[in-house]
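> Here is a sequence together with a model predicted from it:
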There are 2 protein chains.
Amino acid sequence: MTLRKRRVKLEDIARKLNISIATVSRALDKNPRVKLSTRDKVFKMAKAMGYMPNQIAKSLSSGKTNIIGVIIPRYDEPFFIEVCRGIDHYAREYDYKILISSSRNSFEFERENLISFEKGLVDGIILSPTHETETFVHIKNIINKGIPVVLFDNIREEVQGADHVSIEDDKASFSAVEFLIKKGKKRIAFIGGIKEKKVFQDRYKGYLKAMQEYNITIYEELILHCDSLDRECEDAEIQKFFNGLSIKPDAVFTCTDNYGLLTMKTLLKLGYKIPEEVSVIGFGDLGLGEVFVPSMTCVAQPSFEMGQKVAELLIDQFNEATDVNHRKKVIKLDTKLVLRDST
Amino acid sequence: MTLRKRRVKLEDIARKLNISIATVSRALDKNPRVKLSTRDKVFKMAKAMGYMPNQIAKSLSSGKTNIIGVIIPRYDEPFFIEVCRGIDHYAREYDYKILISSSRNSFEFERENLISFEKGLVDGIILSPTHETETFVHIKNIINKGIPVVLFDNIREEVQGADHVSIEDDKASFSAVEFLIKKGKKRIAFIGGIKEKKVFQDRYKGYLKAMQEYNITIYEELILHCDSLDRECEDAEIQKFFNGLSIKPDAVFTCTDNYGLLTMKTLLKLGYKIPEEVSVIGFGDLGLGEVFVPSMTCVAQPSFEMGQKVAELLIDQFNEATDVNHRKKVIKLDTKLVLRDST
DNA sequence: TAAAAAAATACAAACGTTTGTATTATTATA
DNA sequence: TATAATAATACAAACGTTTGTATTTTTTTA
């Protein structure tokens, strides 16, 4: 039975070479204050002894952990994962790692996660607020402590005290619905998400605006605000919705890729022909719309880029003066409609 | 311009109350060595001053960070994300956070990530080796330093010195192919992944074994080892494969959900009727097979459970004696064939 | 009410680095 | 070759906790 080995530390190297810890530290840093021959000796000894710096000690000493905390509402939504990939991509360039935490669509979890990050583990925080997040105080608290924060997606007005990145949801959905209208569609259904969520409110607004602007009748029956929190429930909810309709839609605008796919599946099962009898548009465009038969027209949301941008804003904050009242940056990314076979 | 505030620390509370730092620390820990009235005073003062413990200092002092490092080959594969979700779910129960890192399918990145974790940032590591990972030395190094490691998915023989969790890929694919054979299929195509990857080798073995055992002719032309590393290339590769066939398959066994979906899409476009003319089976069952029309029969791999199990093994290691030569645990999870419309 | 026992608290080292300042060793200058 | 200038290194404090031991205070006991 071999016991876990004690780590080699600077002191061990120093003792072996009969020099001071400070010199060892500086040598490894390639600080010009130490003689080249000493530096070489130190490097050789460090290698020979299998030295590995202690990141925690470094962090304590430097006050930097080089970790970015990321809080997303859920894992099983490709959009959030794609944003994380973007964050990771950018952050890695600057030698930051990411600690991902899910708020599981719960405000309480979101708060807990924030508090846990506040304990000094991360240098900054990237957060996508849940639909339950109505108040800004927990975020404001963090900012006031001088911890850099950047938000993305789902930004409510109340929450606009921080840097954030999002798309113009109302405009994006307006354009998509306008496209359907111009195609001559008259009975355009709307499948949205949780009503409390800002992004879905905005996408709904865009839908309404387009309908009103072009004087298209809005049928309440053709509107669904899906409030399921996982995939299975979404499936059931959407099936139920279409099964119960008395008006046959000739187009469906949906607020996520998954809603779009579930809609297509349900409509196909009900015998609708897509796109001949009904058009469907999804929102997000995270790869699956392209695979489905027929392939799905989507509002393409630049998720990866959003992640990169969010990381960029955060790292900018790290490098700025530690001014609490810094000028907030608000970035709106462009979306576009990707046309495919479903319309 | 307000400068970033200095954090409140134990010393600040101690000074205000005119007591020692040790007492403050113990009071906050609810250590019975400190008087109740003192404890109360400390708690009130801590609250009033907005005290937040410094996790880094705690970690340095205790030698524990309560962070689990997770290395996956890629983000855009729902299987890995689902495993991460399982890890997160289990780990959170035990107050661990997860630091996710992608090796981007590269051995070099995998090694770098391991080294970065070795710097003491994490208490243990969960790793899914890439297809490029042929040698075990980098992992063995970590284990020898006494850092707990658990592996999952894609475990080569050479790598079996560590705890690991996987499924029996050969058996799972054998059963799936056997199912097709028993349905009377004769020209069964195989769509696998990167040849160097153990999981794909095993799934291929299972296919071959079933074909041989039942004396079915194997057409080399109907076998594809897909070596694309991202979704777009996979799409192109699979389209090209089916476009060039001289033999019409009556069934296709594929090694991932995505291959299965892309296969269905391609076949449908080529005018095949599914399942009348050709059956398709996917591997993974991460939700999309159910949405596609027709819905896809899949080998269901328990990804979430795999994550939970992996986390469990790791946390077990934390709690065991710090014995380097501890008895390795190998867990094989069960798969099952979920029948749907594509067969 | 003084001594003993128990309770409460304080002191100080430790965790492994970094870094400003002090000291020693070396080289250059006159 | 003594002295100034510079290069190289050592010392020690700091980062914010935890925790074993020492000390002080309070309570108990005779």
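On my side now, so go ahead. Just so you know, these numbers come straight off a predicted model, no measurement behind them.
> Got the confidence number for A:Asn325?
At A:Asn325, the pLDDT value in this model is 59.
> which residues of the stretch 101-250 of chain A score low on pLDDT?
In the predicted model, the stretch 101-250 of chain A carries pLDDT under 70 at residues A:160.
> can you pull out the helices in it?
Counting by DSSP state H, counting those that start in this stretch, the stretch 101-250 of chain A forms helices over residues A:107-118, A:137-144, A:169-182, A:198-213, A:231-243, given from the N-terminal end onward.
> Contact partners for whatever residue of the stretch 101-250 of chain A ends up closest to DNA strand D?
The minimum distance from the stretch 101-250 of chain A to DNA strand D, using Cβ to the nearest atom of the strand, falls at A:Gly120 (7.5 Å). The C-beta positions use only the backbone N, C-alpha and C, and glycine is treated the same way. If a contact means Cβ atoms under 8 Å, 6 or more residues apart in numbering or on different chains, then A:Gly120 has A:65, B:7, B:52, B:54-57 as its contacts.
> go with 7 Å
Under the criterion of Cβ atoms under 7 Å, 6 or more residues apart in numbering or on different chains, the contact list for A:Gly120 reads B:54-56.
> nearest to DNA strand D, of these?
Checking the contacts of A:Gly120 against DNA strand D with Cβ to the nearest atom of the strand, the nearest one is B:Asn54 at 3.3 Å.
> How many neighbouring residues does the closest one have?
By the criterion of other Cβ atoms under 10 Å in any protein chain shown, B:Asn54 has 19 neighbours.
> Just give the nearest non-adjacent residue to it, would you?
The spatial neighbour of B:Asn54 that comes closest, neighbours along the chain excluded (Cβ to Cβ, 6 or more residues apart in numbering or on different chains), is A:Gly120 at 4.7 Å.
> Could you measure from that neighbour over to A:Lys145?
10 Å (Cβ to Cβ, to the nearest Å).
> What of A:Ile281?
Remark: distance between A:Ile281 and A:Lys145 (Cβ to Cβ) = 43 Å.
> same check, this time on A:Arg340
According to Cβ to Cβ, A:Arg340 stands 47 Å off from A:Lys145.
> With neighbour numbers in mind, choose between these two.
Looking at A:Arg340 and A:Lys145 with other Cβ under 10 Å, you find the greater number of neighbours at A:Arg340, namely 19 against 16.
> returning to that earlier point: adding pLDDT, distance to DNA strand D and secondary structure as columns, could you present the contacts of A:Gly120 in JSON lines?
Formatted as JSON lines, the contacts of A:Gly120 follow (pLDDT from 0 to 100; distance: Cβ to the nearest atom of the strand, whole Å; DSSP: H, G, I helix; E, B strand; the rest coil):
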{"residue": "B:Asn54", "pLDDT": "97", "distance to DNA strand D": "3", "secondary structure": "coil"}
{"residue": "B:Gln55", "pLDDT": "97", "distance to DNA strand D": "9", "secondary structure": "helix"}
{"residue": "B:Ile56", "pLDDT": "98", "distance to DNA strand D": "7", "secondary structure": "helix"}
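> residues in contact with the residue lying closest to A:Leu339 once chain neighbours are set aside?
Distance criterion Cβ to Cβ, 6+ apart; nearest residue to A:Leu339, sequence neighbours excluded, is A:Thr297 at 5.3 Å. By Cβ under 7 Å, 6+ apart, the contact list for A:Thr297 reads A:281, A:337-340, A:342-343.
> Scan these and report the most crowded one.
When neighbours are taken as other Cβ under 10 Å, the top entry among those is A:Ile281 (30 neighbours).
> Now do the same for that residue: helix, strand or coil?
When the structure is split into helix, strand and coil by DSSP: H, G, I helix; E, B strand; the rest coil, A:Ile281 lands in strand.
> gap between it and DNA strand C?
A:Ile281 sits 54 Å away from DNA strand C when distances are taken as Cβ to the nearest atom of the strand, to the nearest Å.
> ditto for A:Gly124
As for A:Gly124, its distance to DNA strand C is 19 Å (criterion: Cβ to the nearest atom of the strand).
> Cheers, nothing more for now.
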